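1. Need a 3D model of the sequence below.
(4 chains)
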Number of protein chains: 2
Amino acid sequence: MVRDADRTRQRILAAAIEEFAALGIAGARVNHIAEVAGCNKAMLYAYFGNKDQLFDAVFAAHVNAYVEQVTFDATDLAAYAGRLFDYFEDNPDQLRLSIWYRLERPQGSRLEAVVAVNQTRLEQLKQAQQEGILPSHYEPAELLALVQSTSTTWSSMNPEYGIDAPGDRTQRRRTVTDAVRRLLAS
Amino acid sequence: MVRDADRTRQRILAAAIEEFAALGIAGARVNHIAEVAGCNKAMLYAYFGNKDQLFDAVFAAHVNAYVEQVTFDATDLAAYAGRLFDYFEDNPDQLRLSIWYRLERPQGSRLEAVVAVNQTRLEQLKQAQQEGILPSHYEPAELLALVQSTSTTWSSMNPEYGIDAPGDRTQRRRTVTDAVRRLLAS
DNA sequence: TCAAGTCAACTGACCATTTGGTCGGTAACC
DNA sequence: GGTTACCGACCAAATGGTCAGTTGACTTGA
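-> Next up, the predicted model:
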């Protein structure tokens, strides 16, 4: 057996992402994560502290990947919505993680890094509005929220509502970008 | 102690709604539900079978309330969106239940009753389109999905994104109905 | 070159507690 | 007196977490 702390850490993290995305914090089993990672449970505690902190690490990784991969562009929100759509379509686990986080984390526990990123985006939106690139019938925060929620329209549909998302991903994507364009139309 | 099977059942259900909405299926504790309901745990099993079936009962109750209270109107989707907004604003627990359901229930487990209701709505949308009351640039399913997701825009924002929902509920509501109107504009 | 020593990666067995679930019995109501 | 709502106590299994000890890689020193 090769000994490699980094690799082990990485394997644990990967297994944890899978487990948490599928089952949430309360549903995830530490034993199972260790098993999938192919290492001893104690390593998990050595590297990450405890179950909650492991989730924090997983979620932080998700946020980083998200901010890094989905570039924001206040001057072309439809394109941004498209990228957002693609990202969550390609990484459904990431979307689930976000939702688990929202449900299972006590309100008020914000990641300052993300708040900062968001502040910047709101500023950019405000400026684009002042320059007339974006319409002003919504506040920056409203714009961001609407775009965000439109982009994840399909993935956030409850199956209970029995809506069959169009099988065609291209079509779904077009609907998203089109909807954002309509929201911005004057 | 007064003996009343119905009342006890009701108390268990109420406690279960609270618990499941707050913690989800995996996170909910049967002991705690019984405690809050002020009755013995065994009653819970006598009336509902087991934890999963109790959640089913809770969720079915939610779906019933939802279908009953939020009247659908294919000819005025903006108003429908407003009602939807109000409903989830007034009953945040119900929204959380829906999300838990989506996350924790194995895909493919649909409530036939809801699928039926939804089928009807899709039909109504289609007809409204044929009559020219609704525009045809979206499929009925797309319309329903967009309206749904727009209505819950604020409640589905991850705090991670640091967006402060406008404190003013009236303003949030106006944004929702306005957005739906824009989606329908030709 | 190689034995001794060090330190960090790793393990298996273990623990206290919690959890979903059950059962024999009790007491209120018809 | 029978039915049924209800309860306390209990159980096996699972769960998050710990710990004493082992193993392997690298450093040291002769």
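2. what comes up buried for stretch A:102-111?
-> A:102, A:103, A:104, A:105, A:111 (16 or more other C-beta atoms under 10 Å in any protein chain shown). Where you see a C-beta, it was placed from the backbone N, CA and C, and this is true even at glycine.
3. Kindly report the residues of chain A close to DNA strand C.
-> A:1, A:3, A:4, A:5, A:7, A:8, A:39, A:40, A:41, A:42, A:43, A:46 (C-beta under 7 Å from any atom of the strand).
4. just to revisit the earlier point, of the buried residues of stretch A:102-111, just say which sits nearest to residue B:158.
-> Distance ranking of the buried residues of stretch A:102-111 against residue B:158, using C-beta to C-beta, places residue A:102 first at 4.9 Å.
5. which SSE is the nearest residue to residue A:67 once chain neighbours are set aside in?
-> Leaving aside its chain neighbours, residue A:67 sits nearest to residue A:117 (5.7 Å; criterion: C-beta to C-beta, 6 or more residues apart in numbering or on different chains). Secondary structure assignment for residue A:117, by DSSP states H and E: helix A:112-130.
6. That helix: how far from the chain's middle?
-> 18 Å (C-alpha atoms, centre = their mean, to the nearest Å).
7. how about the helix or strand following that helix, does it reach chain B?
-> Going down the chain from helix A:112-130, the next helix or strand is helix A:140-151, by DSSP H and E. Yes. Counting by C-beta under 8 Å from any C-beta of the partner chain, chain B is contacted by helix A:140-151 at A:141, A:142, A:144, A:145, A:146, A:148, A:149, A:150.
8. which other helices and strands contact the worst-scoring helix or strand of chain A on mean pLDDT?
-> Lowest mean confidence among the helices and strands of chain A (mean pLDDT, DSSP states H and E): helix A:112-130, at a mean of 93. Judged by 3 or more C-beta pairs under 8 Å, 6 or more residues apart in numbering or on different chains; DSSP states H and E, helix A:112-130 is in contact with helix A:51-69, helix A:140-151.
9. Make TSV from those and add mean neighbour count to it.
-> Listed next are those as TSV, based on neighbours: other C-beta atoms under 10 Å in any protein chain shown:
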stretch	mean neighbour count
helix A:51-69	17
helix A:140-151	24
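10. a markdown table for the ones you listed, including mean pLDDT and distance to residue B:178?
-> Formatted as a markdown table, the helices and strands packed on helix A:112-130 follow (pLDDT from 0 to 100; distance: least, C-beta to C-beta, whole Å):
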| stretch | mean pLDDT | distance to residue B:178 |
| --- | --- | --- |
| helix A:51-69 | 95 | 28 |
| helix A:140-151 | 95 | 9 |
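11. okay, those helices in CSV with distance to DNA strand D next?
-> Output for those, formatted as CSV (distance: least, C-beta to the nearest atom of the strand, whole Å):
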stretch, distance to DNA strand D
helix A:51-69, 4
helix A:140-151, 31
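12. Touching the longest helix along chain A from outside, list them.
-> Criterion DSSP state H: the longest helix present in chain A is helix A:5-27. With contact meaning C-beta atoms under 8 Å, 6 or more residues apart in numbering or on different chains, helix A:5-27 is reached by A:28-29, A:32-34, A:36-39, A:43-44, A:47-48, A:51-52, A:54-55, A:57-58, A:61-62, A:92-94, A:96-97, A:100, A:103-104, B:23-27, B:103-104.
13. CA atoms of it as CSV?
-> The C-alpha coordinates for helix A:5-27 follow below in CSV (Å, rounded to 0.1, in the frame of the first residue of the first chain):
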residue,chain,number,x,y,z
ALA,A,5,-1.9,11.7,2.7
ASP,A,6,-3.0,14.0,-0.1
ARG,A,7,-4.4,11.2,-2.2
THR,A,8,-6.3,9.7,0.7
ARG,A,9,-7.7,13.1,1.6
GLN,A,10,-8.8,13.5,-2.0
ARG,A,11,-10.4,10.0,-2.0
ILE,A,12,-12.3,10.8,1.1
LEU,A,13,-13.5,14.1,-0.3
ALA,A,14,-14.7,12.5,-3.5
ALA,A,15,-16.6,9.8,-1.6
ALA,A,16,-18.1,12.4,0.7
ILE,A,17,-19.3,14.5,-2.2
GLU,A,18,-21.1,11.5,-3.6
GLU,A,19,-22.6,10.5,-0.2
PHE,A,20,-23.7,13.9,0.9
ALA,A,21,-25.1,14.8,-2.5
ALA,A,22,-27.2,11.6,-2.5
LEU,A,23,-28.3,11.6,1.1
GLY,A,24,-27.7,14.9,2.7
ILE,A,25,-26.0,15.6,6.0
ALA,A,26,-28.3,13.7,8.3
GLY,A,27,-28.7,10.8,5.8
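14. Distance from that helix to the middle of the chain?
-> 16 Å.
15. mind listing what's buried in it?
-> Under 16+ other C-beta under 10 Å, the buried positions of helix A:5-27 are A:8-9, A:11-13, A:15-21, A:23-27.
16. re earlier: export the helices and strands packed on helix A:112-130 to JSON lines and tack on distance to residue B:85?
-> Compiled in JSON lines, those are given as follows (distance: least, C-beta to C-beta, whole Å):
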{"stretch": "helix A:51-69", "distance to residue B:85": "27"}
{"stretch": "helix A:140-151", "distance to residue B:85": "12"}
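17. what's the closest of these to residue B:172?
-> Nearest of the helices and strands packed on helix A:112-130 (C-beta to C-beta): helix A:140-151, 8.4 Å.
18. Can you name every helix or strand that that closest one contacts?
-> helix A:77-90, helix A:112-130, helix A:169-184, helix B:140-151, helix B:169-184.
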